[in-house]
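>>> could you look at this predicted model? Sequence included:
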Amino acid sequence: MKVTVEITRRPEIADPQGTTIQRALHDLGHNEVMSVRVDRVIHLEVEGEDPNRVQARVEEMCRQVLANPVLEDFTVAVSE
Amino acid sequence: MKVTVEITRRPEIADPQGTTIQRALHDLGHNEVMSVRVDRVIHLEVEGEDPNRVQARVEEMCRQVLANPVLEDFTVAVSE
Amino acid sequence: MRIAVVVFPGTNCEMDVAHAITSLGGDAELIWHRENDLSDFDGVVLPGGFAHGDYLRTGAIARFSPVMGEVERMAGDGKPVLGICNGFQILCEAGLLPGALIANRDLAFICRFVDLEVTDTDTVLTRSAELGQRIRIPLNSYEGNWVDPSNTGRVAMRYVDDPNGSQQGAAAVANAGGNVVGVMPHPERGIDELLGSGDGRALLEGFLDSLVPA
Amino acid sequence: MTTATQPLHRRLGMTDEEHESVLGLLGREPRPAELAMYSVMWSEHCSYKSSRAHLRRFPTEAPWVVVGPGENAGVVDLGDGWLAALRIESHNHPSFVEPYQGAATGVGGILRDVFTMGARPIALWDQIRFGPLDDARNRYLFNGVVSGIAGYGNAVGVPTVGGEIEFDPCYSGNPLVNVMCLGLLRREQLTLGTAGTPGTVAVLLGRATGRDGIGGASVLASASFDDESQEKRPSVQVGDPFEEKKLIEACLEMYESGLVAGVQDLGAAGLSCATSEPAGRAGVGLDVDLDAVHVRESGMTAPELLMSESQERMMAFVPSQNVDAVLAIAHRWEIDSAVVGTVRDGATLTVRHRGEIVAEVPAASLADDAPLYDRPMQRPDWIDDLQQTPARSIEDDPSDVLLRLLDDPAIGSTAWVHEQYDHMLFLNTVVGPGSDASLTRIRGTEKGLAVSTDGNGRLCHLDPRAGSARLVYEAALNVAVTGALPLAVVDNLNFGNPEKPEVMWQFRESVEGISEACDALGIPVIGGNVSFYNETEGVDIHPTPVVGLLGLADPMPGQPPRLDRAAEGMEIWEIGPAPTSNLAGSAAQRVIHEELRGRPTLPDPDAARQVIGLTSGLAHQVPVLHDVSDGGLATSVAEVCIASGIGATVDVDDPGYLFSEDPHRVIAMFHPGKVDLPAGMARRVGTMGGESLTLGGSPPIDLETLTSTHRDAIPRRMAG
Ligand SMILES: Nc1ncnc2c1ncn2[C@@H]1O[C@H](COP(=O)(O)OP(=O)(O)O)[C@@H](O)[C@H]1O
Ligand SMILES: [Mg+2]
């Protein structure tokens, strides 16, 4: 099954990268850009029959390694 | 408007991060994981009325700076 | 004959490069990235560091600096253009060299001496070296892994033991004309035996010799 | 009482007595913003309330001291108009919460302490300690901390040229992450943290202020002001080395142009500290307008603005005629700036927010009137038992013991760590990581700056006073190996809970030990840091003072000794007091017997001085000098064999002698007849040569085994 994990930085955590990219976009004349945040998406292919079980397993992986719970939140979506 | 840009690494380009994460997951016993690919999502807030115009502008930003055509493809989705 | 050493916000090897060039008898001047006229210069170096924090992608933001228009012009005019480490990344992003640099195979920063072999002497960096010559200089990068789906890059030097996964083991890459070169390890860190090696001198001397008056 | 119904001062981590003193000071009930300021400034971290009385014991004076403890960094005179600034700091708890950002922001903070003084930061060191690597959590912390130091240090463009790595179960629940920074400046560039004279303008430079780490420095990590801000929990601080790099260059340009009267970095206690301390030091008043502060989050309250620990910010105090020039420099380096205050006559710090006065306090009181505790001390009752149980002797074969030591991650190669750090930038690292001391040349002079940092929790657990003294002697001997003589010390005192009398006793003993050794060597303590509350679930770490010692080699040896300069046929000499077989507190005791007991050998000030003097002279003559420390004589020789790619024969059979870590010893290697060593101070112990290392009558160890064991000690564990 294909699983998409989106890992997002918690809103209250500073995001120097986003700030820098926004500044660069303004420099390039894209002044309409009000905010920029960069997150990660992890695409996994996981063997399994039961979407609920796969979902639970991947959520466990997120807590273990994929996401950093101090800084990030995550969402898991199973397709196919 | 909220715009989500997903930047995906072209399949022929090596993904050291994906490979490393897959190895880590296997080490933890998640042997059902067949493949891992790490991509980036950029969330933008863009001023504008017309979703089509916003879409076009952000696509331009992608071609110009947000994605590197040697390595990456991109998709742009405008919401709200 | 003057060499512009470009300083982007976040560049950190500019003093070292200027020092190396000067100590080899060259004339180096630090140039802020907002400068848009390099007509007084005979060559240009983009030194290492973390231009714009390497945010988004290494070199991605730096390539839009005003000075890059001039770098492009000089490259087109056949003038010597050298990118070291982060400078190599910027030249790739700007399309002046083929390919791109991604994270090292082992996902760790690598700072140590590496052995290189010269594989092409028809470039502004390697013209004073012998084919097959061994060069020992420090590598210092996280994104040193060169990929080139177009297969058009000319490999000027390769790693003897590939440390980062680079395609063809490439450590230095040139454009078709040989006047634009990107090198991942740091020649300027190899100019003094007291610090471990003097092998970088041959490279930088070759670069200085390639300068022709504007 | 639930938290919500607690009075505000308690929620901010203040005791009722401390609240009473604020009341007494102000003669009225403090406003919320005032309480917030006092709470952070009077926290243990900022006020040193438990340690201050003891720190007075340190010798702090010498003719070459330009700035002693009390400023952001200590400064010493190197001659010919050159000064060096040095400071050490801990980031233990933040690194436990989030290892990458905790360590990264530690580096950012220590850099600011140094360039606040007008100095260009030229080198960094890290002293890091974790629980054993067979635990995945410890591997995660170790990896995160090293990546964080690399990620910040490399990008900000300051080489990390040395440090220390230690693993011990006592650090499992409480890793130690200390970082040290050295800066170099010309005398005329020296800048102090003073607000200047009335009319001077306060300019806040750098990153926008957010709700980062609010109250992070105070005892209460999650203070909340009301229910609404409850969800706006303090958040982990994120470092931005890019911003810091620009800030360094902008500030150095301002100093060079002589535009500023004083500068103060924003670290712990943020704006509260950066306004009150400079005003207090200068004996002036200051008006601050919080609405002028550039922010990254909307709706921040006055207490939040005053307590925020957002990174990469500096406060410059600028004579009014220079303000435009300062703002122009900030603009050119692409950093944000805001005029946030004006120096006034008097001594009052007045803070306004949304048109109202939110704080009006005597500026100096936040620092000067902080509580001072004389905490009870008691010698732990277990220490006599420990000291009186003799260390077991080693029965195993010395070759086996040596291989087990080289495979220990605290003794094996540090390459896995230091190759992740840029240690070569600026082209001045003459001796880099992996040696006894680093050596950084000052181009255009004959001078070299030698630095060593040393800590040893095992020794200090068995005998905090002698153990701490030995750290100073060891560091001094390390810098002597490069031809330098010791100049000054900074210290980072990592201890457990100071409310326990045993911990306070350990602390006092340690301060005493460091002071005695500094007195004996005639060198001052020019700064330091105290980190208390290093405990988890009531168990304290071993007392772990870390000493950073700066030495000056003038002139620097033309060919400084290095571990990789040994050659076939060189003699191996051991220099130092007559050998013993004492294994108390040694690495061999930990690795082979998994125990910690006995009475470590006491330091000998006379022997220390003699060996240090002799060694720094020898550094100009011999190719290899290496101090005998972790793992003893056998390990020292092995390290030279590995670095030089050559074998050796050591004519010592006694395992106690081979693995003892007794102080004041160094090995020298040179061709026969090249050097005359004073009889009684030195003995020949072997010869370099061949393809293997032979210890007395033990089976030889081939060079390849020696090398791979040492090289793989950390990587093989980190591979999982
Ligand atoms: N263990 C110590 N030994 C000597 N001086 C110390 C020690 N601990 C702190 N100090 C001095 O106290 C001063 C204040 O330190 P601190 O409040 O930690 O500064 P910062 O606010 O920059 O973190 C510094 O000058 C420091 O050198
Ligand atoms: Mg400070």
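Happy to help now that I have it. Ligands and ions are numbered 1, 2, ... in the order given.

>>> what does the stretch 151-300 of chain D put close to ligand 1?
With the criterion set to CB under 6 Å from any ligand atom, the stretch 151-300 of chain D comes near ligand 1 through D:Gly267, D:Ala268, D:Cys273. For glycine as for every other residue, the C-beta is placed from the backbone atoms N, C-alpha and C.

>>> dump the residues you listed to TSV, plus neighbour count.
TSV is the format used below for those (neighbours: other CB atoms under 10 Å in any protein chain shown):
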residue	neighbour count
D:Gly267	23
D:Ala268	19
D:Cys273	26
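
>>> which ones among those are found in helices?
Residues of these located in helices (DSSP state H): D:Cys273.

>>> how about a markdown table for the residues of the stretch 151-300 of chain D next to ligand 1, with pLDDT added?
What follows is those, written out as a markdown table (pLDDT from 0 to 100):
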| residue | pLDDT |
| --- | --- |
| D:Gly267 | 87 |
| D:Ala268 | 85 |
| D:Cys273 | 95 |
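
>>> now render the residues of the stretch 151-300 of chain D next to ligand 1 as CSV, adding distance to ligand 2.
Formatted as CSV, these follow (distance: CB to the ion, whole Å):
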residue, distance to ligand 2
D:Gly267, 5
D:Ala268, 8
D:Cys273, 8
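
>>> give me the three-state assignment for D:Arg716.
At D:Arg716 the chain is in helix, as set by DSSP: H, G, I helix; E, B strand; the rest coil.

>>> ok, the residues of the stretch 151-300 of chain D next to ligand 1 vs chain B, which is closest?
Of all these, chain B sits closest to D:Gly267, with 31.6 Å by CB to the nearest CB.

>>> might one say that that closest one is in contact with D:Gly109?
Yes. Proximity of D:Gly267 to D:Gly109 meets the contact threshold set by CB atoms under 8 Å, at 5.1 Å.

>>> excluding chain neighbours, what is closest to D:Leu563?
The spatial neighbour of D:Leu563 that comes closest, neighbours along the chain excluded (CB to CB, 6 or more residues apart in numbering or on different chains), is D:Ala643 at 3.7 Å.

>>> and the pLDDT for the closest residue to C:Gly182 other than its chain neighbours?
Counting by CB to CB, 6+ apart, C:Gly182 lies nearest to C:Phe88, which is 3.1 Å off, once chain neighbours are set aside. Listed pLDDT for C:Phe88 reads 98.

>>> for C:Phe88, what are its contacts?
C:Leu46, C:Leu97, C:Leu101, C:Val173, C:Gly182, C:Val183, C:Met184 (CB atoms under 8 Å, 6 or more residues apart in numbering or on different chains).

>>> do the same with D:Thr60
Residues in contact with D:Thr60 (CB under 8 Å, 6+ apart) are D:Gly68, D:Pro69, D:Pro524, D:Val525, D:Ile526.

>>> apart from its neighbours in sequence, what residue is nearest it?
D:Gly68 (4.4 Å).

>>> wait, doesn't the one you found sit right on D:Val489?
No. Judged on CB under 8 Å, D:Gly68 makes no contact with D:Val489 at a distance of 11.5 Å.

>>> hey, what's in contact with both of those two?
Common neighbours of D:Gly68 and D:Val489 (CB under 8 Å, 6+ apart) are D:Pro524, D:Ile526.

>>> other SSEs contacting the one helix or strand D:Gln506 maps to?
According to DSSP states H and E, D:Gln506 maps onto helix D:501-521. With contacts taken as 3 or more CB pairs under 8 Å, 6 or more residues apart in numbering or on different chains; DSSP states H and E, helix D:501-521 sits against helix D:52-55, helix D:464-480, strand D:485-494, strand D:525-531, strand D:544-553, helix D:605-618.

>>> next one: phi and psi at D:Gly210?
Torsion angles at D:Gly210 (phi, psi; degrees, to the nearest 10) stand at phi -130, psi -170.

>>> all strands of the chain, in order?
Defaulting to chain A. Ranges of strands within chain A are A:2-9, A:33-46, A:72-79, based on DSSP state E.

>>> you answered for a different chain; I wanted chain C.
For chain C, the strands defined by DSSP E cover C:2-7, C:27-32, C:43-46, C:81-84, C:100-102, C:110-118, C:134-141, C:145-147, C:154-159, C:170-174, C:180-183.

>>> pipe those strands into TSV and attach mean neighbour count, distance to B:His26 and mean pLDDT per row.
Listed next are those as TSV, based on neighbours: other CB atoms under 10 Å in any protein chain shown; distance: least, CB to CB, whole Å; pLDDT from 0 to 100:
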stretch	mean neighbour count	distance to B:His26	mean pLDDT
strand C:2-7	23	44	98
strand C:27-32	16	49	98
strand C:43-46	28	40	98
strand C:81-84	28	38	98
strand C:100-102	27	22	97
strand C:110-118	20	25	98
strand C:134-141	22	28	98
strand C:145-147	25	22	97
strand C:154-159	22	29	98
strand C:170-174	29	30	98
strand C:180-183	29	35	98
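
>>> so which of these comes closest to D:Val288?
Across the strands of chain C, D:Val288 has its closest neighbour in strand C:27-32 (33.5 Å, CB to CB).

>>> identify the residues contacting that closest one?
Outside of strand C:27-32, the residues within contact range by CB under 8 Å, 6+ apart are C:1-7, C:14, C:17-18, C:21-22, C:38, C:41, C:45, C:67, D:332.

>>> of all the contacts of D:Thr60, which comes closest to chain B?
Nearest to chain B, judged by CB to the nearest CB, of those is D:Ile526 at 43.5 Å.

>>> which non-adjacent residue is nearest the closest one?
Excluding the flanking residues, the one nearest D:Ile526 by CB to CB, 6+ apart is D:Gly74, at 2.6 Å.

>>> mind checking how far the residue of chain A found nearest ligand 2 is from D:Gly213?
Here the residue of chain A nearest ligand 2 is A:Ala14; by CB to the ion that distance is 20.4 Å. According to CB to CB, to the nearest Å, A:Ala14 and D:Gly213 sit 10 Å apart.

>>> right, is stretch C:9-21 up against chain A?
No. Contact of stretch C:9-21 with chain A (CB under 8 Å from any CB of the partner chain) is absent, the minimum separation being 9.4 Å.

>>> and that stretch with chain D, contact?
Yes. Judged by CB under 8 Å from any CB, stretch C:9-21 comes into contact with chain D at C:Pro9, C:Gly10, C:Asn12, C:Cys13, C:Met15, C:Asp16, C:His19, C:Ala20.
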